[in-house]
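>>> any chance you could fold what I've pasted below:
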Amino acid sequence: MDIDTNIFRAYDIRGKYPSEINEQVAYTIGKSYGSYLQEKYNKNGCVVSRDNRLSSETLLQNLIKGITASGCNVINYNLTTTPMNYYGRYLNQLPGVMVTASHNPKDDNGFKFSFDGMINARGEMIEDFKNYTLAGNFKSGMGKITNSNINDKYLEYLKYSIKFGKNKRKIVIDAGNGATCAVVKKVFDNSYCTPIYINDILDGNFPNHHPDPTVKENMRQLQEAVKKEKADFGIAYDGDGDRIGIVMDNGEILPIEYFMIICIQDMFPSVANKTFLYDIKCSKCLEDYINMLGGTPLCYRTGASYTEYKVHQDNLPFGGEYSGHIFFRDRDADVGSAIYASLRFLEIMSKNSDKLSKIVANFPKYYATDEIKIPASDKIKFQVVEKVKEYAKQANYPINDIDGLRITYTNGWAVVRASNTGGNITFRAEADTQEGVNILENIYIPMIKSAIATLSNTETL
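Numbering: from 1, shown residues only. Below is the predicted model:
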């Protein structure tokens, strides 16, 4: 069958249901995946599960049909968060597939998958799998299906290394009607805290707000609930449970970089490797604070699969992203779980009696834009970034081009990169002053829009 090649992205397979991702596509991806595992990795088994999007159950069923039709065996955990899927891979020492579109709109869906263990495929690995899939030379067989449940083991795993202090915190948890609803109460009803839940019923329509805590609009309900309940802080999760957002006691959103600083500061004395990773969209406050502690900051490319790979490869104790993907490796092989990140944060706060807003009051302060997304078709978005890079090189500005480009100034920086999860150019700028941020916006946003317009016109000629 014909498959839209645009669904193969840098970290996963993702597209609109049913126009780009549908049951037939799921079956074909499954048959290709099972064949690929056997042929390229000499593996004849895998783990699968799904989030609670409306299309996820039927896509999972057809994915399994395809995998087993290749002769590959399947352990099916059915409804899970994405980190639970990763833990299933870890437990069974098998690769796996998660049916999810993560934080994308509710009508999207897709597949996060691994070949060589727990860490998701990325970059060239996905490109090779795309070419293998399009060639269509698949194996045939009759693989077995084992239906199982991972919830209890996963909940034990999350909590066994957590040691709470004496201060019981009141917290509000916004599960966003996503996959975390299936387990979140079992976690926090049995933790040392007073939990209040909102949007805690599984609903793939996401009726209350879209489950992506990086978007301020999606955090408003949580902000209001924290203030109304006079809670110590609030926690929000994305649709598949691998992104976290935090609201402080005063109702303000905690910058994710401040969350990372709190975690790094807590673990710093006990870790041997004092290098800490963050992605190119993160504030300079992380670099400043890690340096102040005497550690080594490592600015790396965006993408949860890249972050996880790098922290494993370099044996780093911690890595995080502006998008709210957090990886702890100081106690055990963590699986990028937003719920685990919440427990670690709750542990830290239980050993401290100060308000969160007070704790962060003296952290390094910069002025920054949010992540700004400018629509650009998949066909031209990388060319747009190249246009901006030409400008930066001609001006002799220092650049980090590991992922798009981060252009450094004496008083700030700007990031311009092609989104790997959608048809957008993403832009973010930071400076010592608000005026400095405004100047960077006024330089780069018109430049980006002009390049998009020029390249779009060229494309249609």
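
>>> where does the prediction get shaky in the stretch 301-450 of the chain?
333 (pLDDT under 70).

>>> make it 80
332-334, 421-422 (pLDDT under 80).

>>> also the stretch 1-150 of the chain?
For the stretch 1-150 of the chain, the ranges with pLDDT under 80 are 1, 117-118.

>>> what about the strands in the stretch 51-200 of the chain?
Secondary structure of the stretch 51-200 of the chain, counting by DSSP state E, counting those that start in this stretch: strands at 73-79, 96-99, 108-113, 145-147, 169-174, 193-198.

>>> find the nearest non-adjacent residue to Glu224, please.
Excluding its sequence neighbours, the residue lying closest to Glu224 (C-beta to C-beta, 6 or more residues apart in numbering) is Gly251, at 7.5 Å. C-betas here are computed from N, CA, C, even on glycine.

>>> also Glu308?
Looking at Glu308 with C-beta to C-beta, 6+ apart, the closest residue is Ile119, at 5.2 Å.

>>> what's the one you found sitting at in phi/psi?
Note on Ile119: its backbone torsions stand at phi -80, psi 130 [degrees, to the nearest 10].

>>> equivalent analysis for Tyr278, please.
phi -150, psi 160.

>>> wait, it touches Gly324, no?
No. Tyr278 lies out of contact with Gly324 (C-beta atoms under 8 Å); the separation is 12.0 Å.

>>> the residue nearest to Glu308 contacts Tyr309, correct?
Yes. Ile119 is in contact with Tyr309 according to C-beta under 8 Å; the separation is 5.2 Å.

>>> so where do the helices sit in the stretch 101-250 of the chain?
With helices called from DSSP state H, counting those that start in this stretch, the stretch 101-250 of the chain shows them at 124-135, 151-159, 184-188, 220-229.

>>> coming back round to it: where does the residue nearest to Glu224 sit: helix, strand or coil?
Following DSSP: H, G, I helix; E, B strand; the rest coil, Gly251 is assigned to coil.

>>> quick one: it from Ile29, how far?
43 Å (C-beta to C-beta, to the nearest Å).

>>> which one's more surrounded, the two?
Ile29 (27 against 18; other C-beta atoms under 10 Å).

>>> list the contacts of the more buried one.
Counting by C-beta atoms under 8 Å, 6 or more residues apart in numbering, Ile29 touches Ile13, Leu63, Gly66, Phe111, Thr133.

>>> sec struct for it, please.
Following three-state DSSP, the label given to Ile29 is helix.

>>> next: Glu257.
helix.

>>> what helix or strand is Leu277 located in?
Assigned by DSSP states H and E, Leu277 belongs to strand 275-279.

>>> that strand packs against which elements?
helix 256-267, helix 284-293, strand 296-300, helix 304-313, strand 318-320 (3 or more C-beta pairs under 8 Å, 6 or more residues apart in numbering; DSSP states H and E).

>>> need the winner for burial among the ones you listed.
strand 318-320 (a mean of 28; mean count of other C-beta atoms under 10 Å).

>>> quick one: Tyr157 and Gln93, what's the gap?
Taking C-beta to C-beta, one finds Tyr157 at 15 Å from Gln93.

>>> these two: which is more packed in?
Tyr157 (19 against 11).

>>> is it true that that one touches Gly88?
No. Using C-beta under 8 Å, Tyr157 is not in contact with Gly88; the gap is 10.8 Å.

>>> so the residue nearest to Ala368 when sequence neighbours are not counted, which state does it fall into?
Of all residues not flanking Ala368 in the chain, Glu430 sits nearest, at 3.9 Å (C-beta to C-beta, 6+ apart). Following three-state DSSP, Glu430 is assigned to strand.

>>> ok, Glu430 - contacts?
Contacts of Glu430 (C-beta under 8 Å, 6+ apart): Ser283, Lys284, Tyr366, Tyr367, Ala368, Thr369, Gly412, Trp413, Ala414, Val437.

>>> how near is the closest residue to Thr307 other than its chain neighbours to Ile196?
Excluding the flanking residues, the one nearest Thr307 by C-beta to C-beta, 6+ apart is Gly319, at 4.8 Å. With distances taken as C-beta to C-beta, Gly319 is found 30 Å from Ile196.

>>> same check, this time on Ile372
Ile372 sits 33 Å away from Ile196, going by C-beta to C-beta.

>>> can you check Gly239 too?
For Gly239, the distance to Ile196 - C-beta to C-beta - is 21 Å.
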